[in-house]
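Participant: sequence first, predicted model second:
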Amino acid sequence: GFPTYFEMGVALAFKYFAQKKVDIAVVEVGMGGRFDATNILKPIICGITKIGFDHQEFLGNTLDKIAFEKAGIIKPKTPVVISDQDPEALEVLIRVAEEVGAPVFSGHGQAEGPLCFGLEGQLINLKGESGSFEKILLPLLGKHQIENASFSFKTLEILKGYGFQWGETHLRKGFGELKWPGRMEVLSKSPLLVIDGAHNPNKAAALIRGVKEYFEFKGLILILGVSKDKDLEGIIKEFSKENPLVLATAYKSERAFDPEIIQNLCNRINLSSQAFPSVESAIKMAFELANKDDLILATGSIYIAGEVRDLYFPKDEDP
């Protein structure tokens, strides 16, 4: 059959990387791994971050089935870095790695922190075979980002064995200049407006933990829009633990749940909710309702985060 939109995008990207003769391309799979278009590569290193429930209609409805699909990127005798995992997922990953003779490295435990933090980021320590590096600026918020930093640091250490040399200056510059829009990103300070792309129950739970640990606020106003292929009920249940006022909305696509469906689900569990036809109208209402010490959190999809961000930076300006 004719290549899919994603496959065409992957082909174009690989062609571009080849023309530019990049030293390293960090290539993330689109979905799963085993049958993903990106999996034609012969990588020098593989990495698998925390596995949760997502795309279950394609990958399976248990963690071990999803892990098996993710493990499809593991290549013979190619090192694989694995983040902290649930036992059933880790067992599958280790088994597949052993079957193909791939050395396994833990991406967990190389980072300590936060030493301190503010709205612009946090300071962490990194420690490994390359030495100890103290007070590294990580311009991202959330303890899950410290885990990601640990994972990245371990990967960098392994790359030294392939001739990619780096020192402390490079490390500080690389982490310090890091930008990841839409990941616990602060767009307004009074009232506090934060956007995030959390789109499944695990990520929703991590986001709620993160905002409680890193921000001070009284009331929570949740602008929520979710794609139809996601676990809407599971996501709402995670957010409901903080009893937010939910402003249900939809991003500009037929893939998004109708705001009234989100509102009805919220009402079923006695969660205060209103429906809005657009992200812009939901944001407007949020600012009308919010007190200066409240938190407005826009999430449920990276598309929601993107639309909110575009309202603040309509010409792709940096914040």
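Facilitator: Noted; the coordinates are in hand. None of the values given here were measured: they were computed from a predicted structure.

Participant: wait, isn't Glu233 in contact with Leu265?
Facilitator: Yes - using C-beta atoms under 8 Å, Glu233 is in contact with Leu265, at 6.0 Å. Heads up, the C-betas are built off the backbone N, CA and C, glycines and all.

Participant: and the two? which has more neighbours close in?
Facilitator: More crowded of Glu233 and Leu265, by other C-beta atoms under 10 Å: Leu265, with 21 against 12.

Participant: check contacts around that one.
Facilitator: By C-beta atoms under 8 Å, 6 or more residues apart in numbering, the residues touching Leu265 are 232-233, 236.

Participant: and with 10 Å instead?
Facilitator: 226, 232-233, 235-237, 240, 246, 248, 257, 271, 273 (C-beta atoms under 10 Å, 6 or more residues apart in numbering).

Participant: please indicate which of those are buried?
Facilitator: Buried members of those, scored by 16 or more other C-beta atoms under 10 Å, are 226, 232, 235-237, 240, 246, 248, 257, 271, 273.

Participant: follow-up on the earlier one: intersection of neighbour lists for Glu233 and Leu265?
Facilitator: Val226.

Participant: what's the average pLDDT for stretch 81-101?
Facilitator: Mean pLDDT, computed over stretch 81-101, is 97.

Participant: now for the buried ones among the contacts of Leu265, which pair is the farthest apart?
Facilitator: In these, two members sit farther apart than any others by C-beta to C-beta. They are Ser240 and Phe257, at 16.3 Å.

Participant: tell me how far Glu254 lies from Glu307.
Facilitator: Separation of Glu254 from Glu307 (C-beta to C-beta, to the nearest Å) stands at 15 Å.

Participant: more neighbours: which of the two?
Facilitator: Per other C-beta under 10 Å, whichever of Glu254 and Glu307 has more neighbours is Glu307, with 23 against 6.

Participant: spit out the contact partners of the more buried one.
Facilitator: Counting by C-beta under 10 Å, 6+ apart, Glu307 touches 195, 223, 225, 249-252, 278-280, 282-283, 298, 301.

Participant: out of these, which are buried?
Facilitator: 195, 223, 225, 249-251, 279, 282-283, 298, 301.

Participant: on that earlier part again, quick one: the contacts of Glu307 as TSV, columns for distance to Gln19 too.
Facilitator: Converted to TSV, the contacts of Glu307 look like this (distance: C-beta to C-beta, whole Å):
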residue	distance to Gln19
Ile195	34
Ile223	41
Gly225	37
Thr249	41
Ala250	39
Tyr251	33
Lys252	33
Ser278	40
Val279	37
Glu280	39
Ala282	42
Ile283	40
Ala298	37
Ser301	33
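
Participant: so which of these belong to strands?
Facilitator: Secondary structure from DSSP state E places 195, 223, 298 of the contacts of Glu307 in strands.

Participant: and the helix or strand where Gln145 lies, which residues are buried?
Facilitator: Element membership for Gln145, per DSSP states H and E: helix 143-160. Neighbour counts using 16+ other C-beta under 10 Å place 143-159 of helix 143-160 among the buried residues.

Participant: now that helix: average pLDDT?
Facilitator: 95.

Participant: beyond that helix, next helix or strand please.
Facilitator: Next in sequence after helix 143-160, counting helices and strands by DSSP H and E, comes helix 168-176.

Participant: packing partners for that next one?
Facilitator: With contacts taken as 3 or more C-beta pairs under 10 Å, 6 or more residues apart in numbering; DSSP states H and E, helix 168-176 sits against strand 121-128, strand 131-138, helix 143-160.

Participant: strands paired with the first one, and their directions?
Facilitator: So that's strand 121-128. strand 111-118 (antiparallel), strand 131-138 (antiparallel) (DSSP bridges).

Participant: by mean pLDDT, flag the weakest helix or strand of the chain.
Facilitator: Of all helical and strand segments in the chain, the minimum by mean pLDDT, DSSP states H and E falls on helix 56-59, at a mean of 85.
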